[in-house]
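>>> Let's see this in three dimensions:
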Amino acid sequence: SSHCLEHLTDKQVNNILIESYRILKPNSPLRIVLPDMKKMFDSYDNREAHYFEEIRSKQERPNFLWIYDTWLRLISRSFAGHVIDKFSDKELEDMYSKLDRHEYISEILKKEKNLPQYRFVPNCHKSYWDYNKLEKILIGIGFTKIGPSRQGLSKNSILRNRALFDNTAPQRSFILEAFK
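Numbers count the residues shown, from 1 in each chain. This is a model prediction of the structure:
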């Protein structure tokens, strides 16, 4: 899976991972590529403007108003694109300054529960993922040999094909492999 799971809720992803485990043959790999939200937040905290300019440059197209987003709104859109516009920039800044990162994320995603019409918005990010969260879920399901990977360096020779895999924003992604 490459940059797909973040478009689903945590519950939906958990169901997909359980089903993936069920249908994989023993010793088969599951390779997941997701936006590196930790890196985004770390870059925000460290005020690394170059990180965000590269993201913005990809959005300089007609009808993409995200180019005008603050950095924090841009990051938050990466895990809650469907509800982030329900918050003002000041509300986001206040929450981020008062809460730890995971509390901030939870607070924003709570909004979805009160806005059921936003649950089925297509092509929006609906969940936050980092390596530790995903690893914990995979362990709970029964996957083993879970570890980080990099572009073109899969333990599975087919998945090493850079022409087909790991091409979506590799510098802003984390890659994890797990085996049944």
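
>>> Residue 18: what's it in contact with?
By C-beta atoms under 8 Å, 6 or more residues apart in numbering, residue 18 lies in contact with residue 141. The C-beta positions use only the backbone N, C-alpha and C, and glycine is treated the same way.

>>> Point me to the helix or strand that includes it.
Using DSSP states H and E, residue 18 sits within helix 10-23.

>>> same check, this time on residue 177
Residue-wise, residue 177 maps onto strand 173-179 under DSSP H and E.

>>> State the paired neighbours of that strand in the sheet, together with their directions.
Using DSSP bridges, strand 173-179 pairs in its sheet with strand 29-35 (antiparallel), strand 144-149 (antiparallel).

>>> Which residues does the helix or strand just after the first one contact?
In other words, strand 29-35. Sequence order places helix 37-45 as the next helix or strand after strand 29-35, per DSSP H and E. Helix 37-45 has contacts (C-beta under 8 Å, 6+ apart) with 51-52, 71-72, 75, 78-79, 101, 128-131, 172, 174.

>>> Now do residue 54, the pLDDT please.
Here, the pLDDT recorded for residue 54 equals 70.

>>> circling back: now the strand holding residue 177 - C-alpha only, CSV.
Taking Å, rounded to 0.1, in the frame of the first residue of the first chain, the C-alpha atoms of strand 173-179 are listed here in CSV:
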residue,chain,number,x,y,z
SER,A,173,7.2,9.2,3.5
PHE,A,174,8.0,6.4,5.9
ILE,A,175,8.1,2.9,4.7
LEU,A,176,7.5,-0.1,6.8
GLU,A,177,7.6,-3.8,6.0
ALA,A,178,6.1,-6.7,8.0
PHE,A,179,5.9,-10.4,7.4
